[in-house]
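Need coordinates for the below:
(chains A and B)
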Protein chains: 2
Amino acid sequence: MGVDSINALVAQLSRLPGIGTKSAQRLAYFILDMPDGGARELAASIVRARDSVRYCPVCGNYTDTEPCAICRDQSRSEETICVVEEARDVFSMEKLREYRGKYHVLHGAISPTDGIGPGDIRIRELMARVEAGKVREVILATNPDVKGEATASYIARLLKPKGIRVTRIAHGIPIGGNLEYIDEMTLLKAMEGRREM
Amino acid sequence: MGVDSINALVAQLSRLPGIGTKSAQRLAYFILDMPDGGARELAASIVRARDSVRYCPVCGNYTDTEPCAICRDQSRSEETICVVEEARDVFSMEKLREYRGKYHVLHGAISPTDGIGPGDIRIRELMARVEAGKVREVILATNPDVKGEATASYIARLLKPKGIRVTRIAHGIPIGGNLEYIDEMTLLKAMEGRREM
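Presented below is the predicted three-dimensional model:
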């Protein structure tokens, strides 16, 4: 096109996940055709989110207050902590409107091949919260992959001697899933996790 | 989540075409997790594109110079003008690296039901360019839908008396397309446009 600022915008947009060059072009043209306020609002919302959002010093979730809304919420039980890898996982969990305890975001998972050890994620902070005394159950909701499993096992080993209930979320066939199309690892987990009917 | 600035960002992102609420959430979290420079660059590229890009006063294409790079390019023939509805169509055409004439962007199509008449799109400007004298052929590359066809017919009627060659891009079965799955309108166009072998 020879229009540098359009090419630059397309390049920026195509760095986003799931946005290929074609989608980035379509988005760029849409943004160019937006009423001027629209494009500015979009840009401002990006900067505002980056500027105002930080991690809760208690649980590690995204927040714009300290501590975060969930940590401050007195109607939520302090006896249960659900441990997740990333702040986005809190969001997924909250959408269920089911869980009424607190969270702890690790900001990663143990991965020796990537050089990430237990000291590189927020395990120390989790232990400090548990040692403060009120916690009765820690639910390990790390991802069902190699790193997530390793992290869950590591934390479980640390917590068990403290006489706390340590649970792992169930893995298995998703509802509506079909045995035929399910991957072997999930099927294996589903078999391992089978229950009496 | 209770984090207003994240919700605002998700709302802004989900206004983009092809971005549903789920994708918007994924994008928002990606943006939050970007190194700080990255999010700012993205926001800045949106504002910069909006600020620097305007319409070429000659052809109506997007440009950051006046006239645009295509209008200034002396290696491109001034004898042919390809008429398109939107600036993005110029981009699609240019990707072919085949056409070496000039363009004229109408910024819309005639659509009586939407209250858009010939005076609302850049037909007057097209006529002025043709009357300047150098143009020998006008290629009508408006979309093959009701509005695009109406616009093409209208412009053709205006230009024909001026002794200029007026052509319409071909419509038919796309390469690799299958008769069985093609819509009736395209098939009809393909039959109408049939040629001797």
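
how about A:V84, phi and psi?
A:V84 adopts backbone torsions of phi -130, psi 160, taken as degrees, to the nearest 10.

so it touches A:T142, yeah?
Yes: applying C-beta atoms under 8 Å as the test, A:V84 and A:T142 come out as touching, 6.8 Å apart. All C-beta spots, glycine's among them, are computed from the backbone N, C-alpha and C.

Any part of the lengthiest helix in chain A near chain B?
For chain A, the longest helix by residue count, based on DSSP state H, is helix A:36-52. Yes: contact of helix A:36-52 with chain B (C-beta under 8 Å from any C-beta of the partner chain) involves A:36, A:38-52.

what are the pairing partners of the next helix-or-strand element following that helix, and which direction each?
With elements assigned by DSSP states H and E, the helix or strand that comes after helix A:36-52 is strand A:54-55. Applying DSSP bridges to the sheet, strand A:54-55 is found paired with strand A:62-63 (antiparallel).

Any idea how far apart the tips of stretch A:141-148 sit?
For stretch A:141-148, the first-to-last residue distance is 8 Å (C-alpha to C-alpha, to the nearest Å).

my bad, stretch A:103-121
The first and last residues of stretch A:103-121 sit 15 Å apart, counting by C-alpha to C-alpha.

How about it, which residues are buried there?
Residues of stretch A:103-121 classed as buried by neighbour count (16 or more other C-beta atoms under 10 Å in any protein chain shown): A:103-106, A:108-111, A:121.

likewise stretch A:49-58?
Those would be A:49-50, A:52-53, A:55-56, A:58, for stretch A:49-58 by 16+ other C-beta under 10 Å.

now do stretch A:85-99
Those would be A:85-91, A:93, A:99, for stretch A:85-99 by 16+ other C-beta under 10 Å.

picking up where we left off before, overlap in contacts, A:V84 and A:T142.
A:L106 (C-beta atoms under 8 Å, 6 or more residues apart in numbering or on different chains).

that older thread, now, the buried residues of stretch A:103-121 that are in strands?
Among the buried residues of stretch A:103-121, DSSP state E puts A:103-105 in strands.

Generate JSON lines for those, with pLDDT and distance to A:I70 as supplementary columns.
Output for those, formatted as JSON lines (pLDDT from 0 to 100; distance: C-beta to C-beta, whole Å):
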{"residue": "A:Y103", "pLDDT": "96", "distance to A:I70": "6"}
{"residue": "A:H104", "pLDDT": "97", "distance to A:I70": "11"}
{"residue": "A:V105", "pLDDT": "96", "distance to A:I70": "11"}
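
returning to that earlier point: nearest to chain B among the buried residues of stretch A:85-99?
Closest approach between these and chain B, by C-beta to the nearest C-beta: A:R88, at 4.4 Å.

Any figure for the gap between the closest one and B:S92?
Distance of A:R88 to B:S92, computed by C-beta to C-beta, to the nearest Å: 36 Å.

quick one on the thing from earlier: among the buried residues of stretch A:103-121, which one sits closest to A:A24?
Using C-beta to C-beta, A:G108 comes nearest to A:A24 of the buried residues of stretch A:103-121, at 28.6 Å.

OK, contacts around that closest one?
By C-beta under 8 Å, 6+ apart, the contact list for A:G108 reads A:85-86, A:116, A:120-121.

and with 7 Å instead?
By C-beta atoms under 7 Å, 6 or more residues apart in numbering or on different chains, the residues touching A:G108 are A:85, A:116, A:120-121.

Check these and tell me the two furthest apart.
A:E85 and A:D120 (12.5 Å).

If I look at A:E196, what pLDDT would I see?
Per-residue pLDDT puts A:E196 at 65.

and stretch A:161-174, how far from the chain's centre?
Centroid separation for stretch A:161-174 versus its chain: 17 Å, with C-alpha atoms, centre = their mean, to the nearest Å.

which of the residues of helix A:36-52 next to chain B tops the neighbour count?
Highest neighbour count within the residues of helix A:36-52 next to chain B: A:I46, with 27 neighbours (other C-beta atoms under 10 Å in any protein chain shown).

Contacts only, for the spatially closest residue to it that is not a sequence neighbour.
Distances taken as C-beta to C-beta, 6 or more residues apart in numbering or on different chains put B:A43 closest to A:I46, at 4.2 Å, once the chain neighbours are dropped. Contacts for B:A43 (C-beta under 7 Å, 6+ apart) come out as A:43, A:46-47.

can you check A:I31 too?
A:9, A:39, A:42, B:46, B:49.

Also A:F30?
Contacts here follow C-beta under 7 Å, 6+ apart; on that basis A:F30 touches B:16-17.

hmm, try it at 10 Å
Contacts for A:F30 (C-beta atoms under 10 Å, 6 or more residues apart in numbering or on different chains) come out as A:38-39, B:15-19, B:88.

again, but for A:H171
Per C-beta under 10 Å, 6+ apart, neighbours of A:H171: A:143-144, A:148-149, A:185-186, A:188-190, A:192-193.
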